[in-house]
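> Got a predicted structure here, sequence first:
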Amino acid sequence: MNPTQLYWIEPGAGAIAYARERIAGLSRDEAAPVIRELIANPPDDKRVKRCEYCGYPWRDDSLRNTKRTCSDECKTALKTLQRRRQRADKALLEGEGAPPKKRAKRHYYIWWLEYPFWLNEYEMLKRSWKYEVPYDPSKLEASQRRRI
Ligand SMILES: [Zn+2]
């Protein structure tokens, strides 16, 4: 197991397959020391690595020998762990990570002056669509006729 690991993680599928390969044909009593030795001192082989998630040795059979985890499950779990860490770090740096507070209309609309105005066009449009509804075309025609 990885010395920095604080809790027990089950070996991934790749690590299990590698260990099975190493103890093929041995009895249970013969296999135990082999497994113990394998976990403590993995063989000095470029292809044999420790899984970055579960921490058990496994053989990388990929073409470029660049895989970092023993199985897809370990890869998913590692990515989940990384995302959680990033989120936690972000929350730590940005306070509680609360969404920006919604501000009231009075913060953007200067109504108390002789000529009221908006401080922010976006805020104006965001609020005005609710009550500034264009007239129905038939109503417009009716009002035109009345004027003439
Ligand atoms: Zn693994």
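Thanks, I have it.
> Which residues of the chain lie near the ion?
When proximity is defined by Cβ under 5 Å from the ion, the chain lies next to the ion at 12, 51, 53-54, 70, 74. Where C-beta positions appear, they are placed from N, C-alpha and C, glycine not excepted.
> quick one, helices of the chain?
Along the chain, the stretches classed as helices by DSSP state H are 13-22, 28-40, 72-93, 121-128, 137-147.
> Which strands and helices lie in contact with the last one?
Other helices and strands packing on helix 137-147, by 3 or more Cβ pairs under 8 Å, 6 or more residues apart in numbering; DSSP states H and E, are absent; none qualifies.
> That helix - what's its average pLDDT?
Per-residue pLDDT over helix 137-147 has a mean of 82.
> Domain map for this protein?
The record assigns the chain these domain ranges, following automatic domain parsing: 13-93, 105-147.
> averaging pLDDT over each of these, which comes out lowest?
Within the domains of the chain, the stretch with the lowest mean pLDDT is domain 105-147, showing a mean of 84.
> okay, how far is it across that domain, tip to tip?
Start-to-end span of domain 105-147 (Cα to Cα, to the nearest Å) is 36 Å.
> can you give me how far it is from the chain middle?
For domain 105-147, the distance from its own C-alpha centre to the chain's C-alpha centre is 42 Å (Cα atoms, centre = their mean, to the nearest Å).
> which residues does the most centrally placed residue in the chain contact?
With distances taken as Cα atoms, centre = their mean, the chain has Arg83 as the residue nearest its mean C-alpha position (4.1 Å). When the contact criterion is Cβ atoms under 8 Å, 6 or more residues apart in numbering, Arg83 has no partners at all.
> Give me the contact list for stretch 8-15.
So stretch 8-15 is in contact with 1, 19, 51, 53-59, 69-74, going by Cβ under 8 Å, 6+ apart.
> filter those residues to the buried ones?
Members of the contacts of stretch 8-15 that pass the buried threshold by neighbour count (16 or more other Cβ atoms under 10 Å) are listed as 19, 51, 53-59, 69-71, 74.
> what's the closest of those residues to Asp89?
The shortest approach to Asp89 among the buried ones among the contacts of stretch 8-15 belongs to Tyr53, at 19.1 Å (Cβ to Cβ).
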